[in-house]
Each structure stands twice: as C-alpha cells, then as structure tokens.
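[1] what would the 3D arrangement of this be:
(one chain, ligands or ions: 1)
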Amino acid sequence: MSNFHPKKTIVWIQGITCNGDSHSFFNYSSMKSFANNFEIIYHPLLLTDYNLEEILTSRDKYDYLIIEGSFTKVRDYVDRCGYSFEELVENLSKRVDYIICAGTCASFGGIFRERDKINITGGLFSGDKEGGYWSKNKKVINIPGCPIHPRWLVDTLLILKDEKKLLLDEFLRPKEVFSYFVHHGCLRNEYFEWKIDTKNFGEKEGCLFYEQGCRGPMTHANCNKILWNEVSSKTRAGSPCLGCTEPDFPRTSVYETKTRMSLPAVPYGISKRAYYTVTGVAKSFRVDRLEQKLIEEKR
Ligand code: SF4
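    Predicted coordinates for the structure are as follows:
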C-alpha cells in the first residue's frame, strides 16, 4: 500500500450501529472543501481504494480513526474480516494521532448500552461510569449526538488539522460545540420565561419544557446556534430535545417532563430556590400576546 497521502487521512470503522452518523455526515453541505483537506482511506459504506483487510495487515500510519457505533468485545456481535471490534480498535488506534467517537453510541454506549442487560456493549469512554473502554485516554475525542451534526465532526477535524487548540470538557467533548445548551437560540425562549407550554407537537407557539419533556436547558449542544441542514432544529420544528448528546441518553419516557411534587426539573446550573421563585412570579402574570397564535388564520 502506498503510504503517501497529501491530505490528512481518515479510517472510519463501525461497531454496533444504525449508520445514522455516517448518513448525517454525508449530508455535510461543503463536501468539496472537506475532500480538499481530507482523504477517507476506508469507510464501510463508501467505495475506497483500499479494503479493510489491507489496512489491518499493513503498518501504515493514519491521522484520524473515526469510530461509529457501540463498542463490544464480543465477536458474535461484530466480526470484521475475522477481527473482533476490540481487535480492530486495538490494531488501528496505535497507528493514528486521534480517535474520534462519532455519535453517542461510540462515545457513551447510547441506545445499545441501554438495551443491553448483560453489559457487553458500551462507549469507548463512559465518564465516571464503569464500562468505558478507554477511561480518559488522551487521544480520544467524543462527539456525541444521535446522530452527530456533520459540522461537529468536520469543524473538529479542521481544528486538529490546523493544529489549533482543541479544548475538551469532562466528557471529552469539544467545548466549542458542547459549551452551549440546546436552549440557547431556541425560538421558544420567551415562552419558557413566561412558563407557557405548548400543548401539541409541531405547534409554533409555546415551550416544550413543562409537559413535553424538552431537555434543552440541560443538554450540551449548539443545535439552535448552527441549525440542522442550516435550516431548523428539533425545538424549532416543535419537537422536544431528547438530550441525545449527554452520557445518560437515552432515558425512559423521553416525551414526558418528570416532576417532583408537581415541579419540573431545574435547568442546569440554576439553584432550585431561584428557579422556583422566578417560575412562581412569571406564572402569576398573564401575557395575552403569548397566549395567541403567532399567525392567525383569518377566513
Ligand atoms: S422548547 Fe426546550 S429548548 Fe426551547 S425554550 Fe423550551 S425548554 Fe428551551
């Protein structure tokens, strides 16, 4: 195999996955500029110049290993060219500069970990929980999301390529993306402030926090800053944020707001006392404008 590649090289492998992160990545809007900077040496869904067996038996070095899907040591679950997923990761991780977990399954185990009662699947890194494959390995960068936003991945790759400083949070997520909350930039903030909830999915009016289970105020991601397909987001379209970038995703009853003594969860980093006081005050006023339809249909 020729090991001369003028661009930064990527090997993309999959564990237990639905392919969602790949498909989201394929929707990246500037694929031409991506291809000017990076060469995908291998991806299970793309036709590339090399097959996986050639790569695994070579000693070539690559820049980035992207892992999609939940990790497992069990060969019955994942067998690629006779290699278990553990052997695959072991083989490739020593020959790259960075390992990037694309998606919540690769990062924290995600849906597969949740369904797995015998504990044989998980993420590469599981924070404080047991079961992470590499606890706080300095080469690992987590880009959770179900699925990832293509820009979360490509912007991270560009930062690495340009050798700029990449700051990570406690779960090894890039701070540039995951310092924001989904709540930031949501068009429903005014309804949140005045505690006016939406009654149905898909409506333009109302906040989805109090009755529909929205996790926007406690979920780290910039979904409402950079938007999806550069057009919209879940909460803008009238569907609650499900908190898919957090290590505890998926929780049960995702479309319900859990309450304690009829009070909903408190947004991240706000004291209960402050939050309930403000809530009480806001609820004691009626804001007629916010009770009306944004766009009145007149006959
Ligand atoms: S819908 Fe969710 S993200 Fe939007 S304002 Fe309400 S709680 Fe925040």
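[2] so what's the residue count around the closest residue to the ligand within the stretch 101-250 of the chain?
    With CB to the nearest ligand atom as the measure, G216 is the residue of the stretch 101-250 of the chain nearest to the ligand, at 2.4 Å. C-beta here means a position set from N, CA and C on the backbone, and glycine is covered the same way. G216 has 29 neighbouring residues, counting by other CB atoms under 10 Å.
[3] for it, give its distance to F181.
    Distance, G216 to F181, using CB to CB, to the nearest Å: 6 Å.
[4] where do the strands of the stretch 101-250 of the chain begin and end?
    Under the criterion DSSP state E, counting those that start in this stretch, the stretch 101-250 of the chain contains strands at 121-122, 140-143.
[5] quick check: domain ranges of the chain?
    Domain segmentation of the chain under automatic domain parsing yields 8-176, 180-291.
[6] quick one, which of those domains is packed in tightest?
    The highest mean neighbour count among those, using mean count of other CB atoms under 10 Å, belongs to domain 8-176: a mean of 18.
[7] contacting residues for G145?
    D21, S24, G103, T104, W152, A221, C244, T245 (CB atoms under 8 Å, 6 or more residues apart in numbering).
[8] ok, the third one touching I143?
    Yes. Applying CB atoms under 8 Å as the test, G103 and I143 come out as touching, 7.3 Å apart.
[9] partner residues bridging Y83?
    R80 (DSSP bridges).
[10] got a pLDDT number for it?
    For Y83, the pLDDT comes out at 92.
[11] mind checking how far it is from K234?
    Going from Y83 to K234 by CB to CB gives 37 Å.
[12] hey, where'd the helices end up in the stretch 101-250 of the chain?
    Ranges of helices in the stretch 101-250 of the chain, per DSSP state H, counting those that start in this stretch, are 104-108, 110-115, 150-161, 175-178, 189-193, 223-226, 234-237.
[13] per-residue confidence averaged over the first one?
    Model confidence over helix 104-108, given as mean pLDDT, is 93.
[14] residues in contact with that helix: which ones?
    15-17, 21, 67-71, 101, 110-113, 122-127, 142-146, 171-173, 244-245, 247, 249.
[15] one more pass at 7 Å, please.
    Residues from elsewhere that reach helix 104-108, judged by CB atoms under 7 Å, 6 or more residues apart in numbering: 15-17, 67-71, 101, 110-112, 123-126, 142, 144-146, 244-245, 247, 249.
[16] same thing with the second one?
    If you take CB under 7 Å, 6+ apart as the criterion, helix 110-115 is touched by I16, S70, G103, T104, C105, T121, G122, G123, C146, F249, P250.
[17] redo that, cut-off 10 Å
    Helix 110-115 is contacted by residues 15-18, 69-72, 77, 103-105, 108-109, 119-123, 126, 129, 131, 144-146, 244, 247-252 when judged by CB atoms under 10 Å, 6 or more residues apart in numbering.
[18] still on that earlier bit, wait, isn't the residue of the stretch 101-250 of the chain closest to the ligand in contact with Y191?
    No. Using CB atoms under 10 Å, G216 makes no contact with Y191, being 11.8 Å away.
[19] what touches both of the two?
    Shared contacts of G216 and Y191 (CB under 10 Å, 6+ apart): C207, L208, F209.
[20] give me the most central residue, this structure.
    Among the residues of the chain, the one closest to the centroid is G145, at 1.5 Å (CA atoms, centre = their mean).
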